[in-house]
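>>> fold the stuff below for me.
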Amino acid sequence: MQHFANEFAQKWVKINIDNMNADEIKLLVRIACYFEKKEEENI
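Okay, here's the model as predicted:
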């Protein structure tokens, strides 16, 4: 999870796995994936 937070998701959101609960992390992962998909659709 730390690798995902530092590499992929960092482009869109900040995930702090030590200070966030599972629901917060899931929401931020979904947001990061959504924005990445939108960016890929525009290319």
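
>>> from here on, just use CA atoms for contacts and neighbour counts.
Fine.

>>> quick one: the lowest-mean-pLDDT helix or strand in the chain to chain centroid distance?
Across the helices and strands of the chain, mean pLDDT, DSSP states H and E gives its lowest value to helix 2-6, namely a mean of 80. Helix 2-6 sits 9 Å away from the centroid of its parent chain (Cα atoms, centre = their mean, to the nearest Å).

>>> list the buried ones in the helix or strand that that helix is followed by?
Proceeding N to C from helix 2-6, the next assigned helix or strand is helix 22-42, under DSSP states H and E. By neighbour count on 16 or more other Cα atoms under 10 Å, the buried set for helix 22-42 is I25, L28, V29, A32.

>>> let me see the contact set for the last one.
So that's A32. Counting by Cα atoms under 8 Å, 6 or more residues apart in numbering, A32 touches F8, A9, K11, W12, V13.

>>> if you set the cut-off to 6 Å instead, what comes out?
A9, W12 (Cα atoms under 6 Å, 6 or more residues apart in numbering).

>>> before we move on, what about D18?
Listed by Cα under 6 Å, 6+ apart, the contact set of D18 is empty.

>>> against A5, how distant is it?
Using Cα to Cα, to the nearest Å, we find D18 at a distance of 11 Å from A5.

>>> go on, Y34?
15 Å.
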